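Q: sequence below, structure please.
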Amino acid sequence: MNPYILSTFLMALGLGTTITFASSHWLLAWLGLEINTLAILPLMARHHHPRSVEASTKYFLAQATAAATLLFASTTNAWLTGHWGICDTIHPLPTTLVVLALCLKMGLAPMHAWLPEVLQGVDLYTGLVLSTWQKLAPFALMLQVQTPSTSTPLLLVGALSILIGGWGGLNQTQLRKLLAYSSIAHLGWMVLIMQFSSGLSLIGLVLYLTMTFPLFIAFKTNNATSINQLAVSWTKSPSLTALTPLLLLSLGGLPPLAGFMPKWLILTELTKQGLVAIAALAAFSALLSLYFYLRLSYAVALTIPPNNISGTLGWRLFLPCTPLPLAFSAALSLTLLPLTPEITALLIT
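A: The predicted structure follows:
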């Protein structure tokens with residue numbers, strides 16, 4: 001793709017998210033989401049491969065359905081209440097429709113079926129954008145529309161997303177599908193605690209973005225798209241091969257890594273709210289996610305391919321990424337746990 005065209009689409013992508021962040025009117029928020037969707041579609045289909053075109057089509061249909069539902073809900077709310085403000089009083093019926101539309105946009109269960117298929121059809125860099133940047137605008141809107149009438153739907157969606165995110169990744173061998181189910185599970189944790197503490201949701205989102213970025217870059221550096229291809233990553237970057245299992249275990253929430261922080265805080269808050277059963281379900285579902293993270297770690301660190309000429313050629317290959325962003329994000333995703341008191345004091349009031 002031409003660099004000028006690519007820059008235009010990337011600026012449109014940032015503009016759409018910024019408009020949604022800054023808007024207090026439902027039509028402006030919907031406009032920002034639509035700009036965001038239209039900007040990412042050419043980036044998804046830029047390789048002119050049937051799989052990428054199919055993924056772009058699926059993504060467009062899912063996002064168009066969510067956008068139409070969101071516009072219908074906001075129009076219904078304006079008809080019932082007489083205003084278009086996001087933070088003003090919202091009628092329970094359109095509020096539920098808004099929550100369902102935003103869940104569909106982010107790929108939360110039970111509206112999650114499109115996300116693994118879409119991520120499987122795009123390259124890892126585009127998958128990184130879909131798993132991180134594209135979640136920000138719907139997440140910001142969901143933080144603003146949560147009301148007492150949405151408490152039960154949010155709890156159900158969060159618990160179901162954690163369960164399906166862990167269960168769905170058990171039999172997957174493709175890395176992009178595994179990362180899609182990981183995204184579903186992590187977003188479920190954020191939605192589960194959103195109505196009780198928006199600060200904890202933000203902590204979970206920030207740490208998820210911090211941990212997902214170096215993992216995608218590590219897989220892209222090794223040109224790995226399946227578990228079997230991780231076995232030869234040591235021939236391309238031995239230091240990155242040693243670091244990748246730690247990133248995977250941090251994403252799984254294993255102490256003393258930084259990924260343990262949001263799960264620990266969320267389970268503590270759920271217990272304080274008297275939701276012991278949901279906290280136990282979330283904790284046991286996290287073990288399902290931890291299983292396939294451990295399987296990936298085993299493939300990276302403990303599986304050695306046959307030592308032949310084609311297997312050792314990787315030492316001579318140039319790494320196609322800048323090491324500084326990878327090193328910085330990896331250090332943050334591994335070492336932030338001791339800063340838990342400072343982070344909670346900063347983001348939780």
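Q: so where's this structure uncertain?
A: 89, 149, 304-322, 349 (pLDDT under 70).
Q: let's see that with 80 instead.
A: 1, 88-90, 146-150, 232-238, 302-323, 347-349 (pLDDT under 80).
Q: any idea how it splits into domains?
A: As given by automatic domain parsing, the domain ranges for the chain are 1-137, 146-349.
Q: mind listing what's buried in stretch 153-160?
A: Under the neighbour-count criterion of 16 or more other C-beta atoms under 10 Å, stretch 153-160 has Pro153, Leu154, Leu155, Val157, Gly158, Ala159, Leu160 buried. Using the backbone N, CA and C atoms, a C-beta is placed for each residue, glycine as well.
Q: which one of those residues is nearest Thr340?
A: Gly158 (21.7 Å; C-beta to C-beta).
Q: any idea what sits nearest the closest one, other than its immediate chain neighbours?
A: In space, and not counting its chain neighbours, Gly158 is closest to Leu192: 3.1 Å by C-beta to C-beta, 6 or more residues apart in numbering.
Q: just how off-centre is the helix or strand where that neighbour lies within its chain?
A: If you go by DSSP states H and E, Leu192 is part of helix 175-194. Here helix 175-194 is found 6 Å from its chain centre; the criterion is C-alpha atoms, centre = their mean, to the nearest Å.
Q: centre of the chain to stretch 78-87, how far?
A: Distance, centroid of stretch 78-87 to centroid of chain: 30 Å (C-alpha atoms, centre = their mean).
Q: what do you get for stretch 21-38?
A: Per C-alpha atoms, centre = their mean, the centroid offset for stretch 21-38 relative to its chain is 20 Å.
Q: equivalent analysis for stretch 8-28, please.
A: In terms of C-alpha atoms, centre = their mean, the centre of stretch 8-28 is found 19 Å from the chain centre.
Q: give me the contact list for it.
A: Around stretch 8-28, the neighbours that count as contacts under C-beta atoms under 8 Å, 6 or more residues apart in numbering are 29, 31-40, 42-43, 70, 74, 77-78, 84-87, 129, 133, 136-137, 140-141.
Q: now those: which count as buried?
A: The neighbour count (16+ other C-beta under 10 Å) marks 29, 31-37, 39-40, 43, 70, 74, 77-78, 84, 86, 129, 133, 136-137, 140-141 as buried among the contacts of stretch 8-28.
Q: any idea how far Pro42 lies from Leu187?
A: From Pro42 across to Leu187, the span is 25 Å (C-beta to C-beta, to the nearest Å).
Q: scratch that, Leu248
A: 18 Å.
Q: who's more crowded, the two?
A: Neighbour count, other C-beta atoms under 10 Å: between Leu248 and Leu187, Leu187 has more, with 31 against 28.
Q: residue contacts, that one?
A: By C-beta under 8 Å, 6+ apart, the contact set of Leu187 is Met106, Gly107, Leu108, Lys135, Ser161, Gly165, Tyr208.
Q: now, these that are in helices?
A: Met106, Lys135, Ser161, Gly165, Tyr208 (DSSP state H).
Q: which pair of those residues spans the longest distance?
A: Applying C-beta to C-beta across these, the maximum distance is between Lys135 and Gly165, 13.7 Å.
Q: overlap of the contact sets of those two?
A: With C-beta under 8 Å, 6+ apart as the test, Lys135 and Gly165 both reach Ser183, Leu187.
Q: quick one: which of the two has more around it?
A: Legend: neighbour count by other C-beta under 10 Å for Lys135 and Gly165, higher for Gly165 (27 against 22).
Q: so who does that one touch?
A: Ala109, Tyr181, Ser182, Ser183, Ile184, Ala185, His186, Leu187, Gly188, Ser285, Ser289.
Q: okay, the angle between the helix or strand hosting Phe292 and helix 175-194?
A: Phe292 belongs to helix 276-301 when assigned by DSSP H and E. Angle of helix 276-301 versus helix 175-194, following axes from the mean of the first three to the mean of the last three C-alpha atoms, to 10 degrees, is 150 degrees.
Q: and the buried residues of stretch 153-160 as CSV, adding distance to Ala218 and secondary structure?
A: Listed next are those as CSV, based on distance: C-beta to C-beta, whole Å; DSSP: H, G, I helix; E, B strand; the rest coil:
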residue, distance to Ala218, secondary structure
Pro153, 36, helix
Leu154, 33, helix
Leu155, 34, helix
Val157, 30, helix
Gly158, 28, helix
Ala159, 30, helix
Leu160, 30, helix
